[in-house]
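In: Fold the following and give me the result.
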Amino acid sequence: MTDDALEPASGPETAPETPDAEVERAPRRSRLARSAIGWAIVVLLGLVVLAATARFGVLTPWGRAFVADRLDDVSVGRYGKLHVEGLDGDVWRDFSVRRLTIVDTNGPWLSADSVRIRWDFRRLFERVVAIDEVDVGKLSLVRRPVEGPQPASSGGGQSPVSLRLAKLVARVELQPAFSDRYGLYDVAGALDVKREGGLALAAHVASLTHVGDRLDAVLDLGRSKTIFLEVHGREAGGGAIAGALGLAADQPFQVDASAAGTTSQGRFHATSRSGQLVPIEGTGAWTPTGGQGQGRIVLASTRLLSGYQQMLGPALDLQIHGAKAADGFFAIDAVSHSDNADITARGEADLGRRATGPKGLAVTILAKSAKRVVGWPDMGGGRFDGGFTLRPDGWKLEGIGSIDAPTAFGYRVARIQGPMKLIGANHMLALQATADGEGGAGQGLLPALLGARPHASAELDWVAGGRVLIKSLSV
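Out: Here you go, the predicted structure:
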């Protein structure tokens with residue numbers, strides 16, 4: 001046996017590529033390149049067709065019908081649903097609607113006829129809804145809407161787009177069911193709402209039923225450091241504007257309000273009159289070192305505030321003082337007084353930034369009749385001592401609450417007291433409370449079960465849609 005026979009067998013040697021093999025792969029690469037280019041062209045043509053359909057398809061009757069169908073029955077929050085009739089024109093540039101209505105459980109409460117909108121859809125790529133002009137032939141407010149439950153929401157935060165309305169022209173009709181008196185007005189205005197916050201508004205309302213009656217408002221708030229507001233309105237013998245605000249529609253009405261300055265220094269003043277009443281008045285000023293303000297709201301002057309009148313009384317007086325603190329916040333001292341409830345708040349906060357200092361505000365609430373505030377059951381006075389904290393994403397009220405003599409179902413407790421926490425965030429309200437009672441007495445099953453010293457705890461969430469979620473409840 002030779003040495004060569006002991007060597008391991010090796011695989012066949014790879015033959016070097018020949019020019020012919022290279023030539024064979026070249027056509028394959030060429031075919032792959034042509035296939036990729038072909039698919040790219042197909043995709044590009046598809047995008048072009050899709051864009052052309054979106055742009056010019058809405059110019060066809062079936063395209064407009066498709067858009068109108070998508071708009072029909074769109075929810076308008078708690079105020080009903082939208083209905084659209086007679087959509088015409090170029091939806092992406094200049095279109096009109098023969099009739100638009102908002103319908104609640106009792107039928108249409110708002111209708112708009114002959115609506116024309118000119119806008120620039122290209123600004124959507126800049127996250128701006130840019131409307132050049134809205135012209136409304138006739139906008140009728142038939143009655144007050146029936147408010148439904150708050151629809152589910154994805155939460156707070158800034159708007160996804162800004163809104164810029166360069167020109168609004170409308171003939172507005174207020175029916176007596178809405179404003180106690182009939183009113184017909186020519187309205188002109190403009191609006192600019194920033195997605196980051198802040199708005200500018202100009203509105204001019206001239207009465208056609210009572211010549212000389214009008215309302216003019218110009219404001220610029222939050223878009224920059226500038227603060228400006230001017231509101232002036234008059235109805236010599238009363239009218240639909242006063243009625244729409246819940247005031248007496250048969251009494252002379254006047255309102256004047258102004259604010260001017262910057263976020264660091266400025267002043268404001270407001271006054272009004274409805275017959276012999278002064279529905280709202282206030283003055284104030286602020287500087288880099290602090291500020292102060294005071295005001296009074298006659299809750300009994302307008303039916304729109306009847307719920308607050310029931311809770312607090314016929315009028316509410318407000319005072320607030322603030323001085324610049326060393327840590328950048330303001331030392332706040334605020335007091336509100338009414339016939340039924342007094343509220344005081346002291347501590348550090350910056351209301352412009354929607355934030356309180358590290359310790360929050362010390363809050364005290366005294367109510368002569370807690371039932372007027374809570375609604376049920378029968379009870380005497382109430383008191384809360386605790387703290388209030390505010391952040392851009394929500395707020396919290398936490399402390400100790402007490403109520404005298406709550407009575408229900410034949411069971412009376414001399415006093416209940418315990419810790420509570422109320423949190424508001426993302427359009428939700430959460431309550432956590434524990435209560436211990438003393439002096440429980442009465443006749444029947446409930447007094448026998450709860451005894452003289454009852455104890456209860458609960459954790460509740462008020463969620464979107466007006467629903468209450470009972471997370472825990474024990475007695």
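In: wait, what's in contact with the nearest residue to residue 210 once chain neighbours are set aside?
Out: Of all residues not flanking residue 210 in the chain, residue 239 sits nearest, at 5.8 Å (Cβ to Cβ, 6 or more residues apart in numbering). (C-beta placed from N, C-alpha, C; glycine too.) Taking Cβ atoms under 8 Å, 6 or more residues apart in numbering as the definition of contact, the neighbours of residue 239 are 181, 183, 207, 209-210, 213, 249, 253.
In: Need phi/psi at residue 239.
Out: Phi and psi for residue 239, reported as degrees, to the nearest 10, are phi 170, psi -170.
In: how near is it to residue 178?
Out: Distance, residue 239 to residue 178, using Cβ to Cβ, to the nearest Å: 13 Å.
In: next one: residue 407
Out: Using Cβ to Cβ, we find residue 407 at a distance of 41 Å from residue 178.
In: Compare the two and say which is more crowded by neighbours.
Out: When residue 407 and residue 178 are compared for neighbours, residue 178 comes out ahead with 21 against 14, by other Cβ atoms under 10 Å.
In: And that one, which helix or strand is it part of?
Out: Assigned by DSSP states H and E, residue 178 belongs to helix 176-179.
In: Dump that helix to PDB, keeping only the CA atoms.
Out: Extracted C-alpha coordinates of helix 176-179, given in PDB (Å, rounded to 0.1, in the frame of the first residue of the first chain):
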ATOM      1  CA  PRO A 176     -88.200  82.200  21.400                       C
ATOM      2  CA  ALA A 177     -87.800  78.600  22.700                       C
ATOM      3  CA  PHE A 178     -84.000  79.300  22.600                       C
ATOM      4  CA  SER A 179     -83.800  82.900  23.700                       C
END
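In: tell me what the helix or strand just after it is packed against?
Out: Sequence order places strand 183-193 as the next helix or strand after helix 176-179, per DSSP H and E. Here strand 183-193 is seen to pack against strand 162-174, strand 199-207, helix 240-244 when contacts are counted using 3 or more Cβ pairs under 8 Å, 6 or more residues apart in numbering; DSSP states H and E.
In: on that earlier part again, mind pulling up the pLDDT for the residue nearest to residue 210?
Out: With respect to pLDDT, residue 239 has a value of 95.
In: Could you report the separation of it from residue 176?
Out: Here residue 239 is placed at a distance of 11 Å from residue 176 (Cβ to Cβ).
In: Likewise for residue 136?
Out: Residue 136 sits 21 Å away from residue 176 when distances are taken as Cβ to Cβ.
In: Which of those two has more residues huddled nearby?
Out: When residue 136 is set against residue 176 and neighbours are counted by other Cβ under 10 Å, the residue ahead is residue 136, at 19 against 14.
In: Compare the helices and strands packed on strand 183-193 and report which one is nearest to residue 422.
Out: Closest approach to residue 422 among the helices and strands packed on strand 183-193 is made by strand 199-207 (29.5 Å; Cβ to Cβ).
In: Now the element after the closest one, going C-ward?
Out: Towards the C-terminus, the helix or strand next in line after strand 199-207, according to DSSP H and E, is strand 214-221.
In: Report the inter-axis angle for that following strand versus strand 183-193.
Out: With axes from the mean of the first three to the mean of the last three Cα atoms, to 10 degrees as the criterion, the two stretches strand 214-221 and strand 183-193 enclose an angle of 10 degrees.
In: List the buried residues for strand 214-221?
Out: Within strand 214-221, the residues that count as buried by 16 or more other Cβ atoms under 10 Å are 214-215, 217-221.
In: swap in stretch 462-471?
Out: Buried residues in stretch 462-471, counted by 16+ other Cβ under 10 Å: 462-463.
In: end to end, how far does it reach?
Out: Taking Cα to Cα, to the nearest Å as the measure, stretch 462-471 stretches 11 Å from start to finish.
In: Equivalent analysis for stretch 426-446, please.
Out: When the end residues of stretch 426-446 are compared by Cα to Cα, they are separated by 38 Å.
In: so how far is that stretch from its chain's centroid?
Out: Centroid separation between stretch 426-446 and its chain, computed with Cα atoms, centre = their mean, to the nearest Å, is 31 Å.
In: which sections of the stretch 1-150 of the chain are below the confidence cut-off?
Out: Within the stretch 1-150 of the chain, the segments meeting pLDDT under 70 span 1-69, 150.
In: ok, which stretches of it are strands?
Out: Counting by DSSP state E, counting those that start in this stretch, the stretch 1-150 of the chain has strands at residues 81-90, 94-104, 107-120, 128-141.
In: got a markdown table for those strands, with distance to residue 230 too?
Out: Compiled in a markdown table, the strands of the stretch 1-150 of the chain are given as follows (distance: least, Cβ to Cβ, whole Å):
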| stretch | distance to residue 230 |
| --- | --- |
| strand 81-90 | 33 |
| strand 94-104 | 30 |
| strand 107-120 | 28 |
| strand 128-141 | 23 |
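In: Nearest to residue 417, out of these?
Out: Ranking the strands of the stretch 1-150 of the chain by their distance to residue 417 (criterion: Cβ to Cβ) puts strand 94-104 first, at 42.7 Å.
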